[in-house]
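Visitor: Sequence plus predicted model, see below.
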Amino acid sequence: MQITSSKSGALNVATLEGRLDTATAAEAEVTLIGMLAAPGMVLDMTQVRYVSSAGLRILLKLAKEAKAKGAAYSLVGLQPAVREVFEISGFDKIIPSYATLAEAVAA
Amino acid sequence: MTDTLHLRLAPEAAQVTTLLDALEAYAEAQELPMKAASRLVLLADELAANVVMHARGATFFAVDVSRGPDAVTFTLTDDGPEYDPLGRGEANTDASLEERALGGLGVHFVEKLASSAHWRREAGHNIFTITLDAAAE
């Protein structure tokens, strides 16, 4: 799991690549928590092949952290397999996601 | 190119990564469509991680994957304590709230994404077999 950071205006953009699975989730969490600050961050998931329950857990943790910090938080570019997991787990109702970065930034 | 995959691994986190890498390569060699491939790797991750994290005393886990025209069959074998992922038996009251929620979600994925799932206990081993739709895009 590789994570690169960039900015879109004032928002931090974390671009993830690979699998967000049991083995990679813990390390990803540390990196992403470090990038979470007001006004907020967007996770670009376009190159994430799949997310397991361990991955979902850290995405949820980040959502809670963001709320506590008053920071914006959303996901962008969920691939069909990842979207499927989000819908099955009901996470699509609690973590905002958008098709493109432009939409996420505008939200 | 072989249509079956067999791996025997030690129940350690790093070996789950080895498993997932092997499954991704297998899915690509078999030209499985995207969702079928993702579901296979996801469910393998959930099930193998469960063994690594909870099967006390297990000395190995083994994976067998094969495919037919319509379905991919994945079997996970381990020599840990008797454990049926689909069982509606006693809740694991020793686990922390987070751990239980995590385990529940993994099994939930199995129930939602696999076409069938079957567990049996044989000669001190848990043998869990799932089938997946090989055409899922």
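Guide: Looks like it came in fine. Keep in mind that this is a model prediction, so the values were computed, not measured.
Visitor: Report the mean confidence score over the helix or strand encompassing A:Leu16.
Guide: Following DSSP states H and E, one finds A:Leu16 within strand A:11-20. Taken as a whole, strand A:11-20 carries a mean pLDDT of 95.
Visitor: got the contact list for that strand?
Guide: A:1-7, A:24, A:28, A:31-32, A:35-37, A:39-52, A:54-55, A:58-59, A:72, A:101, A:105, B:20, B:41, B:45 (C-beta atoms under 8 Å, 6 or more residues apart in numbering or on different chains). C-beta here means a position set from N, CA and C on the backbone, and glycine is covered the same way.
Visitor: where does the closest residue to chain B within chain A land in three-state SS?
Guide: The nearest approach of chain A to chain B comes at A:Ala81, 3.2 Å away (C-beta to the nearest C-beta). Secondary structure state of A:Ala81, per DSSP: H, G, I helix; E, B strand; the rest coil, is helix.
Visitor: pretty sure it contacts B:Lys35?
Guide: Yes: under the criterion of C-beta atoms under 8 Å, A:Ala81 is in contact with B:Lys35, at a separation of 5.3 Å.
Visitor: So which of those two has more stuff around it?
Guide: The neighbour comparison of A:Ala81 against B:Lys35 (other C-beta atoms under 10 Å in any protein chain shown) goes to A:Ala81, with 23 against 19.
Visitor: who are the neighbours in contact with that one?
Guide: A:Arg49, A:Tyr50, B:Met34, B:Lys35, B:Ala37, B:Ser38, B:Arg39, B:Leu42.
Visitor: what number of residues lie near the first one?
Guide: A:Arg49 is flanked by 20 other residues according to other C-beta under 10 Å.
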